[in-house]
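J.: Could you work out the structure for the sequence below:
(6 chains)
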Number of protein chains: 4
Amino acid sequence: MSEPPAASPRTPDATRRSERSRRAIFDAALALVGEAGYARTTVEGIAARAGVGKQTIYRWWPSKGAVLLDAFLDLAGRSGGAEAETAGGLPDTGDLAADLKAVLRATVDELNDPRFEAPTRALTAEGVVDPELGARFVERLLEPQLQLYVERLTAAREAGHVRPGVDPRIALELFVGPLTHRWLLRTRPLTHAYADELVEYALHGIAAR
Amino acid sequence: MSEPPAASPRTPDATRRSERSRRAIFDAALALVGEAGYARTTVEGIAARAGVGKQTIYRWWPSKGAVLLDAFLDLAGRSGGAEAETAGGLPDTGDLAADLKAVLRATVDELNDPRFEAPTRALTAEGVVDPELGARFVERLLEPQLQLYVERLTAAREAGHVRPGVDPRIALELFVGPLTHRWLLRTRPLTHAYADELVEYALHGIAAR
Amino acid sequence: MSEPPAASPRTPDATRRSERSRRAIFDAALALVGEAGYARTTVEGIAARAGVGKQTIYRWWPSKGAVLLDAFLDLAGRSGGAEAETAGGLPDTGDLAADLKAVLRATVDELNDPRFEAPTRALTAEGVVDPELGARFVERLLEPQLQLYVERLTAAREAGHVRPGVDPRIALELFVGPLTHRWLLRTRPLTHAYADELVEYALHGIAAR
Amino acid sequence: MSEPPAASPRTPDATRRSERSRRAIFDAALALVGEAGYARTTVEGIAARAGVGKQTIYRWWPSKGAVLLDAFLDLAGRSGGAEAETAGGLPDTGDLAADLKAVLRATVDELNDPRFEAPTRALTAEGVVDPELGARFVERLLEPQLQLYVERLTAAREAGHVRPGVDPRIALELFVGPLTHRWLLRTRPLTHAYADELVEYALHGIAAR
DNA sequence: CACTAAGCGAGACGGTACGTCGGGTCTTGAC
DNA sequence: GTCAAGACCCGACGTACCGTCTCGCTTAGTG
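T.: Predicted structure coming up:
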């Protein structure tokens, strides 16, 4: 029952991969995007800064975007950002509005944090245009976080705080969608006050009773 | 009292501009983005396809993105898309939910139209990363459309169909934000059914009474 | 009776060519070959040293060898090496042996001159392996010089100093061939004494009467 | 009194060398030079074709040229080309002119044989530019053959067919030099007729008595 | 009606980065 | 300790575009 060799042409041997280079590439990539922006970051620049041959990058990633996505996932994993939240789940004090406000305020802070802003914008934009990259981005970063909303909203529904028929998968977009819209398109500033208002509007709707 | 020449260095004389070239550039730009995608579209390519010197492009636009934004605005203006809607305003049958559903369904159709998808995605992504371009994009294309929501929602509030305290500028994002989120990030398909549900959720909120 | 445009695809417009760049490329190329040798000279290095874009080299020459051949032809033309000799023809004092010895001694000196040795060896070697380059090398540099031998030997034949049936084109190789052989393959040192002996042997043959 | 290990750093142990790999490398090298030419033949390609690690090549040879020189020597040794001739010496029928013509005709045939042409040209060119390689080439391949001329011409001198004062080492170049000149520089085609004429000219000189 | 003076098509230019190839070194695991 | 395999750092390849810069050539508007 032997394992067949990988089908794809030119598949490098991952067991021989240099962990040292991998980390250096991530560090260099994030640093450059932070300093010069995504567009002015180049594979050549990353390689030079990481003290690595260009081929070592092209051996393991197909494009600049892919490198940066992995670098960003690595960063998120290390600095516990998403992972910690993912592990713990959204807060559940019993007060749905308060919990959502706390989460959205934290999201606002993160989106305003310049450390994260440049690479996140860059990756999101890249994903908007490159479906494959976008899919990985959503699957690995966004979807796990959205799933937390699903869980919290489901719990709230079972607790009777949310109308019985509501689909959490759609409901969550009432919170996340507007926030993302403001942030990506810069139509209005992202503030805690806005986060609070958004929760109120989304929870209670805008129609007169 | 003769007017001195414009202060800025190297300001071209717009009165002598070749309309013929301007149109050819727009056509070439849109065609190329449609065929090859934004990333593979180049200024050089646009010039060649338009039968125009590169300098003629650089004389009038600072970047590829700017050319495409103008080309897109021109397209929108010509094919009446946004302009026609802008002129007429959102429908007002007295039934807010029905009117919003109609508008959102139309938006869904437009976002799913392959003719518009590629350039719109490209421009949006570019605007996400380039604040200046993003600002022009929002100001010239997005904001006029959002203003229509403001008007319709204000009218609805005055008619007593929307709660008195509601800020239309925030309320509109409950509709537009989730739609944009789905479209840009491709988290779920964009359908008429979704548009309808969105209107219901946003109008009535998700909280149990 | 209009001139048809050049058939070849992507033919650059020679009338717009930058003479300044052309010279800078020649100078850089010759300098680098002299300093680092042919093998360690690169197109990239030539471009950098000449303060020129790589494309400017590739626009006008197909290969490193071609650049160097032209650089060398230019050098020969400027420093009058071949051209001056070509213009004047071989000396004709009436004493064929003495004239040939003078010429061969001069050739020995030139082949031993380090300024010429490196690039000449490099080009010759390249021509040995690349027939096209070799053909140009022979046609532009070698053949004009060999032609001088043909003329001098023909004159000598008419003056009765050379046997009537002798083909000058073959005869000249008795002088040039052995010299080149020694120089290219470094089998024995190249000296004036050797040049003199060569003339004696070739003129009178080695067979006993 | 045990022998200390060889002084040089990293001297591989020749006794453990894989004969199998050595032959595979030679075969691959010759095949590739024949198929793609010397310039397009790479160490990597040789290793891959030979089913050998690159290091196995670099362990035993300093350069591509060195591998090919050895491969060529091996070929010459095997197919008896030079060796057989070397062993037997030049023919000596008593008729110097006829013997030389026979030998030169055979050389012409060999130089025109496409099997030998590519690698021989490549090695010669490499030797023209790389003195060390050139020296090995001359010593191992060329000089043994030239020595045969020395022997034959010495015999001829003793038999009174060659003038007494003639230095065979110089005389031989009258035959070999022009031939090599034509072959390397491709100035004129290499034919049997040319070989014959060359012998006549060199034996009897070109000067009128 | 000539005479500037711009916009224009064309494309050469100095550059930067691309993605690939191969050089020569080093490491791993099998023999 | 050699060997096959191949990852690694590095330098160069030849190409694609960038944005700038001349070139003639229309094409107005002015003197």
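
J.: what residue ranges in chain A score low on pLDDT?
T.: A:1-9, A:79-87 (pLDDT under 70).

J.: How is it divided into domains?
T.: A:16-71, A:80-204 (automatic domain parsing).

J.: quick one: the residue nearest the centre of chain A from A:Thr191, how far?
T.: Centroid-nearest residue in chain A, with C-alpha atoms, centre = their mean: A:Leu141, separated by 3.8 Å. As defined by C-beta to C-beta, to the nearest Å, A:Leu141 lies at a distance of 24 Å from A:Thr191. (Glycine included, C-beta is placed from N, CA and C.)

J.: Next: A:Tyr38.
T.: Distance from A:Tyr38 to A:Thr191, by C-beta to C-beta: 26 Å.

J.: Kindly report the same for A:Thr124.
T.: Counting by C-beta to C-beta - A:Thr124 and A:Thr191 are separated by 21 Å.

J.: Neighbour count: the two, which is higher?
T.: Each of A:Thr124 and A:Thr191 has its neighbours counted (other C-beta atoms under 10 Å in any protein chain shown); A:Thr124 has more, 22 against 13.

J.: Tell me which residues touch the residue of chain A found nearest chain C, please.
T.: Proximity of chain A to chain C (C-beta to the nearest C-beta) peaks at A:Glu44, 14.1 Å away. Listed by C-beta atoms under 8 Å, 6 or more residues apart in numbering or on different chains, the contact set of A:Glu44 reads A:Lys54.

J.: now A:Arg182
T.: A:Arg188, A:Pro189, A:Leu190, A:Tyr194, B:Glu173, B:Gly177.

J.: Equivalent analysis for A:Arg49, please.
T.: Counted by C-beta under 8 Å, 6+ apart, A:Arg49 has contacts A:Ala28, A:Ala31, A:Leu32.

J.: at 10 Å instead, please
T.: A:Ala24, A:Ile25, A:Asp27, A:Ala28, A:Ala29, A:Ala31, A:Leu32, A:Glu35, A:Thr41 (C-beta atoms under 10 Å, 6 or more residues apart in numbering or on different chains).

J.: What's the PyMOL line that selects buried ones from those residues?
T.: To isolate the buried ones among these in PyMOL, judged by 16 or more other C-beta atoms under 10 Å in any protein chain shown, type:
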select buried, chain A and resi 24+25+27+28+29+31+32+41
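
J.: would TSV of the contacts of A:Arg49 with secondary structure and distance to DNA strand F be doable?
T.: Formatted as TSV, the contacts of A:Arg49 follow (DSSP: H, G, I helix; E, B strand; the rest coil; distance: C-beta to the nearest atom of the strand, whole Å):
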residue	secondary structure	distance to DNA strand F
A:Ala24	helix	7
A:Ile25	helix	9
A:Asp27	helix	13
A:Ala28	helix	11
A:Ala29	helix	14
A:Ala31	helix	17
A:Leu32	helix	16
A:Glu35	helix	19
A:Thr41	coil	16
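
J.: coming back round to it: which stretch among the domains of chain A approaches C:Val52 most closely?
T.: Across the domains of chain A, C:Val52 has its closest neighbour in domain A:16-71 (20.6 Å, C-beta to C-beta).

J.: can you list the residues of chain A near DNA strand F?
T.: Chain A comes close to DNA strand F at residues A:12-13, A:16-18, A:20-21, A:51-56, A:59-60, as judged by C-beta under 7 Å from any atom of the strand.

J.: Mind doing that once more with 10 Å?
T.: Residues of chain A that fall close to DNA strand F, judged by C-beta under 10 Å from any atom of the strand: A:5, A:10-22, A:24-25, A:39, A:44, A:47-48, A:50-60.
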